[in-house]
Structures are given as C-alpha cells and as structure tokens.
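[1] sequence and predicted structure, then a few things I'm wondering about:
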Amino acid sequence: MNKKTMSRLFLAVVVGILTLSAAAFATASDEIVVAHIGQITSIDPSYANWSSNSNTVYSAVYETLLNFAKDSLTSYVPMLATVVPSRDNGLIIDTPGGETLITFPIREGVKFHNGGDLTADDVKYSYLRKLTLEGPGGESSVVLQALTGYENLDAWAQAFEPAIETFSEASDATVQAMFAVLDGAITVDGINVTFRLTQPTGLFLQFISHYQAAGIIIDKEWTVLQGAWPGTAETWKDFYNPNEEDTVLYGVANGTGPFKIARWDITNQEMSLTRFDDYWRGPAAIKTIRLQYVEEWSTRLLMLQNGDADFAYVPPNFMPQVAGLPNVTVADPSPSGVIRVVFFQQIIAEDSRFLGSGQLDGDGIPYDFFSDINVRKAILHSLDWDRYINELLGGNAFQIKGACSRLCAPNELDIPVYSYDPALAEQYFKAAFDGEVWENGFKFTAVHNAGNFLAKSALEMIREELRAMNPKFDFEIHASTWNEFIPLRTSSQIPMFYSGWGFDDPAGYGTVNAYMASDGYFNPYMPGLVELAQQPGGIDEILDKALRTFDDVERNELLAEVMTISYENATHLWLVEEAVQMVYRSEVKGWYHSPVQPGINMPGIDWYSLYKD
C-alpha cells in the first residue's frame, strides 16, 4: 500500500470518526437544545425582572388567560379563558359610573404540573400576588392603574398618607383600605373572574396577553405551601418588593404550560424542561428542552454544525458563516421589535468604581458628567449609524426614533432623530463644562452584558470616534454578567451602559413608559430623567393620557410627543432595531416568527408548535 493510498484511508477513518462523533452527540428526535447568550435570573413570574430570558421559560411553563393570535399583533385567542371578552359577547360592560367590567370564563379540566386543578381562585390570586409583590416600575403597572388609578403601590399609599414615601411605611389602616380595593376589583363567581376597571384603558387585553405583564397564572394552594404570600392584607407588607433571590418561587415552578422544569443549574446557566403529559391541549411533540448559556460564538457555531444545538444565537455580522451550512435553516429577516439603547447616568453614585479619578482632570469624570446636555448631544452626534448598520448588521436594521419599535404605530409619525455629525459633536464637547471637557479630556468605564457582540461593537465604534476627535477622550468597556449588571444599574453605578428591550405591546405604550416615565422600569434609578418626567404637563402626564385613551390616533400622537421630548433633551442614544433571523437545524419544524413571543437574545419560540422530521 503506497503512501497516497494510506493517506486517503487515514482521512476516510478520521472523517468517519468525526461523523460518528457528531451523530453520537446530536440532539434526539424528541429533544430541543438552544445555545444562547441570555442569562436567566429568576423563574418566579410574579417578580418584576423585565427579562426576556426568564419570559422565554415562562412561555413554556406557564400560561395566560389570552394570547396573541398567530401572525397577529391586534387579535387574541383564548388560553386559560374559554373566550375572548368583547362588548359584542357581553363579557365587557361599560357601567353608567364610567367603570368597565371585563369577565373571563375560566377553562375547566386544566391541570397544573403537580396535578392540581385550575380554578378561578387561582386566577385571582395570581393577579393579586403580582400586583402586591412588585415595587415601582413593575411589569403590571398598567393593570394596577386600570384597577386602582395608581401605577404603583408607593404612590397609592401616599394618597392615603402624604407624609410617607413608600408602601412599606404605610399604616395598617392604609394597607387594609388598599387591599380592600384590590380584593374588590377582581371577583370570582363560579368559573368566572371579573375585573373592575375604575380607570378603563384600551390596552388592558394587550397587557394581560403578554408573558411579561401581570397575566401569568399560578397555583394558589401550591404556591402558598412553598411559603409565598398567603393572600391576606395582614401579611402583604411582609412580601412586598423583595430581592429577586428571596422570592419562594425563585427556583421552582408549577404552571399549566406544555413543559415543566426538571433542572436549573444557576451557576452554569443550564436549564432542562420536560414535557407535561397531562397538558390540556395534549402532549407536545417534543419531550425535552435544554437551554444552554454558551457565550463564545465559535462554540455555538460548532454545536449548530454538529447537531448538538437545534437553535443557536447568531450575531448579525456572523450570518454569512451560517448561510449555506448543510442541514441548517436561516429564516428570512423579520422585524424583531427589539430596540437597542445606550443610557447616560446623569447623576452617578460617587462611590462608583467606573468614574476613574472622579474629577474632570483627564483621568476620570465627575459624578455629574452626563448631566451636561452638551456631553450627551456630543455623543449622540458621534455614532455613524450607517456604518453600524451596514458593517455590523449587514444592512438589516434601521435607526430608531426613540423608545418604540418600528412595529408600533407611533413610529409612522414625524419624530426627529440625531445624525452622525463629528463637527457638531466637537462643538458640543467644547461647550461642555465651560470648555473643560475639551481641554482636559475624560476617562470612565462603560458597561454592556457579556456575550453581546452588538453592544460591545456599538461602544467600540463610539470610542473610536471620540479618540479620533480628541486624543484626551477615552473610556474602557466592561462586559458584565446579568447578575452583576442589574445591581450596578439599580445603584446608579454605571456612567454609560448599553441595554436592549424586547417587543412589549403593539401600541408601544409599555416600552415608552419603561424608558421615559418617572416610575418606569429604568428611571427610578436615574436622577435627571425622573425630574424631567415629573415636570408639569410633561412626560408623566402625557403617558397617563396615552394609557387612558381608547383612541388609537390620539395615543400615537401622545407617545410621539414623549419621544420628541426625549430628542430635545438628549435623554438616550437610541440605536437601532434590527431585522432578526432565526438559525436552526433543518430537521426542526413548526417554528414561526412572532415578535410577541419572548426569546433569549434571539427570536422567540412557540415551544408547543415544534417537532422534528
């Protein structure tokens, strides 16, 4: 046997071994493995973590009364309710006193994962626990305001006792009075649950149909046995606004969805879910789901190629690497609904380790560096959007106008945006702090979530531009795990940080409120933005009108007004919304794109619809 023949034989053996190895580790015919970069921080659906990563788990494990119809952002299908309420079917009634009653008949014969039966009492408890657990900026603020007239419990308690600042300080009499209102706002009559809206809104059904709002249903009896709030006024304050890891459902779950949690390795960010065979719609085709945190793109690519992952997060700039791979499907680009944003902390905690020297001396920044609008405007004019979109996103993205997805109607209105203009940026920098910024320079640290290439690239592009403009301008870039990032953000430690926001509600209200309201998700920890929102006739009052109106045109105009205020005050660096592409193994069938379906830093997945062929 000559050397050439031996070489060919050796190559054939190696290829054969690699093929057998890939086949041996390929996912099973009834298993789905997802390689992602999102970090799941809690699986308690009543805790307001606003995490699309956790919501992805909720969508497999839990259910809501209604869901958005497939391929629709405006119509609904019944889930744990048996019918979608409407005025035509008599389940939505407008009272002479200006209130609205919405009744949901609850589906019978539905089992929780532990074998318990779904009841109307479970529905009421689920809403009350969510509404009574979370603090300001919570996910259920729209529902709470519709039921009580207040967006959070602190403001509501202050209406009873003006001298206090938080609900935790409320007297027993105030707590009893508040609980009586909530208890009477959600009533049970047999299999029916009725919500009494004292401040009706045209957005109520939208918000209870979303996994991120107040609508997830849990088992009351089982939850209380775990040590959760027992549903009484006397114990309410004991369970109000806890730390994330202190909620009793932080690491356990019991829903009615098609899958149940088998294992969660918090340290390694791996989760396994198994099929719930008693699911009311029938068992899913898939038996096991495994969610694996895989930070390195090269590892995710190898898993996808070898069949060790069925779905994988692929950064847009790496899409050419997966195009044409055998047995891999790359879906057509679709609107993501996900907006990318850079935040400026106008008043930074003075003990922050990200301030450098803490002085405007070329080696740091003062704690109020970003309170100067000239600094913010200078950075807003320092990003080359065309380059960012074309080089990093393959042209499959567009500059956003503010805190609202392109899928939402307010974006159709005329809202100004910032443009790339280095000369104008230089003028603003020279005006900042009476010229000291330009003369002395600055250094600080910006932060993004680990594994997010788009975030890192956006910050690097801004830094490159600033360094070219003035050699004295610089900042470091720190990649933070999600568990580290949240405490840093909520303690005002980070001078400038990158974050994204998944698709919220089709009207756009939820996202605009989260970014711009004084008690939205972000702003309670961002002095400067709070004061801006609270100005008379300003953002908070405009958003209140947008929530209350039933007129879609009026709501769109009001939300556009808030986005224009953001532009005028240079509140954020509104980046882009990309058109996303799901990448998955071709043997996987049943996936479809829906922006309302939560995803782990990637398009969402309707787990129940999946099968393999």
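    Thanks, I have the structure now.
[2] doesn't residue 464 belong to a helix?
    Yes. Secondary structure of residue 464 (DSSP: H, G, I helix; E, B strand; the rest coil): part of a helix.
[3] so who does it touch?
    Under the criterion of CB atoms under 8 Å, 6 or more residues apart in numbering, residue 464 has no neighbours. Every residue, glycine included, has its C-beta placed from N, CA and C.
[4] burial of residue 343, as a residue count?
    With neighbours defined by other CB atoms under 10 Å, the count for residue 343 comes to 22.
[5] let me fix that, I meant to ask about residue 62.
    Residue crowding around residue 62 was assessed by other CB under 10 Å; the count is 25.
[6] can you check residue 316 too?
    Residues within reach of residue 316, counting by other CB under 10 Å, total 21.
[7] which residue is the nearest non-sequential neighbour of it?
    residue 393 (4.4 Å; CB to CB, 6 or more residues apart in numbering).
[8] settle this for me: that neighbour is touching residue 576, isn't it.
    Yes. The pair residue 393 and residue 576 qualifies as a contact (CB atoms under 8 Å) at a distance of 6.9 Å.
[9] what separates residue 239 from residue 233, distance-wise?
    If you measure residue 239 against residue 233 using CB to CB, to the nearest Å, the figure is 12 Å.
[10] which stretches in the stretch 351-500 of the chain count as strands?
    Counting by DSSP state E, counting those that start in this stretch, the stretch 351-500 of the chain has strands at residues 397-399, 442-449, 473-480, 496-501.
[11] let me redo that: the stretch 1-150 of the chain
    Using DSSP E, counting those that start in this stretch, strands in the stretch 1-150 of the chain cover 31-36, 66-68, 76-78, 92-94, 100-105.
[12] what strands flank the fourth one, and is each parallel or antiparallel?
    If I follow you right, that is strand 92-94. Sheet pairing of strand 92-94 (DSSP bridges) gives strand 100-105 (antiparallel).
[13] for the second one, same thing?
    Applying DSSP bridges to the sheet, strand 66-68 is found paired with strand 76-78 (antiparallel).
[14] for the partner strand, buried residues please.
    residue 76 (16 or more other CB atoms under 10 Å).
[15] so who does residue 272 touch?
    261-264, 288-291.
[16] just those residues now: which is nearest residue 148?
    Closest approach to residue 148 among the contacts of residue 272 (CB to CB): residue 261, at 32.9 Å.
[17] and for the closest residue to the closest one other than its chain neighbours, the neighbour number?
    Excluding the flanking residues, the one nearest residue 261 by CB to CB, 6+ apart is residue 253, at 4.9 Å. If you count neighbours by other CB under 10 Å, residue 253 ends up with 23.
[18] wait, residue 253 touches residue 62, no?
    Yes. Contact criterion CB under 8 Å: residue 253 and residue 62 qualify, at 7.4 Å.
[19] what ranges do the helices span in the stretch 51-200 of the chain?
    Ranges of helices in the stretch 51-200 of the chain, per DSSP state H, counting those that start in this stretch, are 52-61, 120-133, 141-148, 153-160, 172-185.
[20] I meant the stretch 401-550 of the chain, not that one.
    Under DSSP H, counting those that start in this stretch, the stretch 401-550 of the chain gives helices at 422-431, 436-440, 453-469, 482-490, 509-516, 529-533, 539-548.
[21] and the longest one, what's buried?
    Same thing as helix 453-469. By neighbour count on 16+ other CB under 10 Å, the buried set for helix 453-469 is 453-459, 461-463, 465-466, 469.
[22] same deal with the last one?
    Buried residues in helix 539-548, counting neighbours by 16+ other CB under 10 Å, are found at 539-540, 542-544, 546-548.
[23] can I get those residues in JSON lines including pLDDT?
    Compiled in JSON lines, the buried residues of helix 539-548 are given as follows (pLDDT from 0 to 100):
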{"residue": "539", "pLDDT": "96"}
{"residue": "540", "pLDDT": "94"}
{"residue": "542", "pLDDT": "97"}
{"residue": "543", "pLDDT": "94"}
{"residue": "544", "pLDDT": "90"}
{"residue": "546", "pLDDT": "93"}
{"residue": "547", "pLDDT": "89"}
{"residue": "548", "pLDDT": "86"}
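[24] save the residues you listed as JSON lines, and put in distance to residue 438 too.
    Shown next, in JSON lines, are these (distance: CB to CB, whole Å):
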{"residue": "539", "distance to residue 438": "31"}
{"residue": "540", "distance to residue 438": "35"}
{"residue": "542", "distance to residue 438": "36"}
{"residue": "543", "distance to residue 438": "37"}
{"residue": "544", "distance to residue 438": "41"}
{"residue": "546", "distance to residue 438": "40"}
{"residue": "547", "distance to residue 438": "43"}
{"residue": "548", "distance to residue 438": "46"}
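[25] of all those residues, which comes closest to residue 208?
    Once CB to CB is applied, the member of those that ends up nearest residue 208 is residue 547, at 14.4 Å.
[26] ok, residue 523 touching residue 533?
    Yes. Between residue 523 and residue 533 there is a contact under CB under 8 Å: 6.4 Å.
[27] okay, and the common contacts of those two?
    516-517.
[28] if we can go back for a sec, ranking the helices of the stretch 401-550 of the chain by mean pLDDT, which is last?
    Among the helices of the stretch 401-550 of the chain, helix 482-490 has the lowest mean pLDDT, at a mean of 86.
[29] for the stretch 501-613 of the chain, what spans make up the strands?
    Under DSSP E, counting those that start in this stretch, the stretch 501-613 of the chain gives strands at 572-574, 576-580, 583-585, 588-589, 611-612.
[30] closest to residue 107 out of the strands of the stretch 351-500 of the chain?
    strand 496-501 (31.9 Å).
[31] neighbouring contacts of the closest one?
    Under CB under 8 Å, 6+ apart, the answer for strand 496-501 is 338-345, 370, 379, 403, 444, 446-449, 452, 455, 458-459, 475, 485, 489, 511, 514-515.
[32] tell me the bridge partners for residue 117.
    residue 111.
[33] count of neighbours near it?
    By the measure other CB under 10 Å, the count of residues near residue 117 is 13.
[34] that one reaches residue 107, doesn't it?
    No. The criterion here is CB under 8 Å, and residue 117 misses it with residue 107 at 10.8 Å.
[35] which neighbours do the two share?
    By CB under 8 Å, 6+ apart, residue 117 and residue 107 have no common neighbours.
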